[in-house]
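Enquirer: Fold the stuff below for me.
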Amino acid sequence: MSDKVYVNRTLNMKRISHIGLDMDHTLVRYKGEAFEKITHRIMLEKLVAMKNYPEEILKLELHWETAIRGLVIDKNRGNLLKLSRFAAIRLSQHGLDRIDYSTQKKIYKSTYIDLSDPEYDTVDTYFSIAFASLFAQLVDKRDNDPACHSIPEYSTIARDLNFVLDRAHRDGSIKGIIQNNLPDFIVKDPEVVSGLQRYIRHNKKIFILTNSDFNYTKLLLEYAIDPFLEDGKTWRDLFEFVITSAGKPRFFYDKLKFLRIDPDTGLMSNLGTDKLSPGVYQGGCATQFTDDLELSPDQILYVGDHIYGDILRLKKDCAWRTALVVEEIEQEVEKNRACIQLGDKIAELMNKKVPHEVELDKLISDKIENGVTTHQDRIDELLAMVGDIDQKISPLIKEQDKYHNPYWGELMRAGIEESYFAYQVERFACIYTSKLSTLLSMSPRTYFRAPKRPMAHEI
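Expert: Numbers count the residues shown, from 1 in each chain. Coordinates of the predicted model:
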């Protein structure tokens, strides 16, 4: 099945003059599981070396399916939570163990989570899986392994994981391994390059806005972009601006200054009072970018993979148009298609069940309100019929669940409701797709039209 671009808000590409791209995991795709395994291992090593965690934890290996994007970490209780669009808890897990519904109700009482509470942390990207998975593993080790009882309390585990992950990014531990083994971690996609060239022919200006530093950015662009260009051409011929060390999401709301970078030497100089002109930069802010280029927000489309750092804050602070890369969505759509017959059978049984429940409620109400005693046989018959249908539905739902993540189910749903992650995608991303090349395969003149969404009373 071919991938698609999914539309939340109408977007006329003819009105877009500038297209901004995040680099890591958007313009340059990573091999996700390989990247997360390295991240997982480096965090473990730093926990032992820097935070005195027991060496026993070095035996842990990444459990890729333990976490999915959009989960919430309850740092104080050592739990992972999956929320509905209304921030209600639909699934929960302590360490590596599922929390049953009755226990969950006792723990949380009010099942609605306030994500502004610092007690909670969110798994915002596809590439935060190692963090959430390792948190669950360490909670499990602390609870159940006598050799690991020195592991600190749950909230400290979360704080230590943030510390070592930040340190791994700052000291180059992760990027150093990637730089020396690019084929093991980076996906080369010639369709991205041909798509960018096509958009440029339509007079679209392409720019990069990345939190990565210049040297790392240059290395990845030379590896992933240059091989697919004509002789004598480099990545510098494609991109109008390359803004490195941007500090997103701060770039979208702060007033930091741009530094100009000489791409041949890497040397930086102050921009001073000059306006931005095509080139390579460090830092800066969205306000100066749009002002110097005399752009209105709806002329810019920004494509990124981070729901908070790339999309949410940008939408709130800048009003640029937004496109989100959700790498998992293509596989999720394929799995939903694969189990569509199971869904049809469940829906058919539910359509049989609902009239029985309606009749049952009416008869019981008549009995309670009017003292009618002649309905009991029919009530018993209906109860048996509803129970029989439930017994048929239950194994179908279990079979359907096998198609998705064994711990958390679908990415975009929490039961019959949208997941909280799906709600964020719907609210803040104008369009979304699984990879940049899919968007670039569309005509640069495409009019993305949002479908009419029926409200509850219209169904």
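
Enquirer: Residue 134: neighbouring residues, count only.
Expert: Residue 134 has 27 neighbours, counted by other C-beta atoms under 10 Å. (Glycine included, C-beta is placed from N, CA and C.)

Enquirer: How far does stretch 234-248 stretch from one end to the other?
Expert: Its first and final residues considered, stretch 234-248 spans 26 Å by C-alpha to C-alpha, to the nearest Å.

Enquirer: now swap in stretch 331-349 and tell me
Expert: From its first residue to its last, stretch 331-349 covers 27 Å (C-alpha to C-alpha).

Enquirer: now that stretch: mean pLDDT?
Expert: What stretch 331-349 shows for mean pLDDT is 94.

Enquirer: what's the nearest residue to residue 199 once chain neighbours are set aside in contact with, if anything?
Expert: Counting by C-beta to C-beta, 6 or more residues apart in numbering, residue 199 lies nearest to residue 444, which is 4.9 Å off, once chain neighbours are set aside. Shown in contact with residue 444 (C-beta atoms under 8 Å, 6 or more residues apart in numbering): 13, 198-199, 202, 204.

Enquirer: can we see that at 6 Å?
Expert: Residues near residue 444 by C-beta atoms under 6 Å, 6 or more residues apart in numbering: 13, 199, 202, 204.

Enquirer: Let me know the pLDDT of it.
Expert: pLDDT recorded at residue 444 is 97.

Enquirer: How about residue 372?
Expert: Predicted confidence (pLDDT) for residue 372: 84.

Enquirer: That one: neighbour count?
Expert: Residues contacting residue 372 under the criterion other C-beta under 10 Å number 13.

Enquirer: Check whether it sits in a helix, strand or coil.
Expert: Put simply, residue 372 is coil when judged by DSSP: H, G, I helix; E, B strand; the rest coil.

Enquirer: out of the contacts of residue 444, which are buried?
Expert: Buried members of the contacts of residue 444, scored by 16 or more other C-beta atoms under 10 Å, are 13, 199, 204.

Enquirer: and residue 150, helix, strand or coil?
Expert: Secondary structure state of residue 150, per three-state DSSP, is coil.

Enquirer: which stretches of the stretch 1-150 of the chain aren't confidently modelled?
Expert: For the stretch 1-150 of the chain, the stretches with pLDDT under 70 are 1-2.

Enquirer: returning to that earlier point: include secondary structure and distance to residue 247 when you put the contacts of residue 444 into CSV, please.
Expert: Listed next are the contacts of residue 444 as CSV, based on DSSP: H, G, I helix; E, B strand; the rest coil; distance: C-beta to C-beta, whole Å:
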residue, secondary structure, distance to residue 247
13, helix, 28
199, helix, 27
202, coil, 31
204, coil, 26
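
Enquirer: got JSON lines for these, with distance to residue 427 too?
Expert: Shown next, in JSON lines, are the contacts of residue 444 (distance: C-beta to C-beta, whole Å):
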{"residue": "13", "distance to residue 427": "21"}
{"residue": "199", "distance to residue 427": "27"}
{"residue": "202", "distance to residue 427": "29"}
{"residue": "204", "distance to residue 427": "26"}
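
Enquirer: And those residues, which is closest to residue 326?
Expert: Nearest to residue 326 among the contacts of residue 444, counting by C-beta to C-beta, is residue 13 at 19.6 Å.

Enquirer: Please verify my assumption that the closest one contacts residue 443.
Expert: No: Residue 13 is beyond contact range of residue 443, at 7.5 Å (criterion: C-beta atoms under 6 Å).

Enquirer: So which residue is smack in the middle of this protein?
Expert: residue 125 (3.9 Å; C-alpha atoms, centre = their mean).

Enquirer: quick one: contacts for that one?
Expert: Contact analysis of residue 125 by C-beta under 6 Å, 6+ apart lists residue 306.

Enquirer: out of everything not next to it in sequence, what's closest to residue 426?
Expert: The shortest distance from residue 426 to any non-neighbouring residue, by C-beta to C-beta, 6+ apart, is to residue 8 (5.3 Å).

Enquirer: what do you get for residue 382?
Expert: Setting aside the residues directly before and after it, residue 382 is nearest to residue 360 in space (C-beta to C-beta, 6+ apart), at 4.4 Å.

Enquirer: ok so the one you found is a strand residue?
Expert: No: checked against three-state DSSP, residue 360 lies outside a strand; its state is helix.

Enquirer: For residue 385, see how far away it is.
Expert: As judged by C-beta to C-beta, to the nearest Å, residue 360 and residue 385 stand 9 Å apart.

Enquirer: Could you do residue 187 as well?
Expert: For residue 187, the distance to residue 385 - C-beta to C-beta - is 53 Å.
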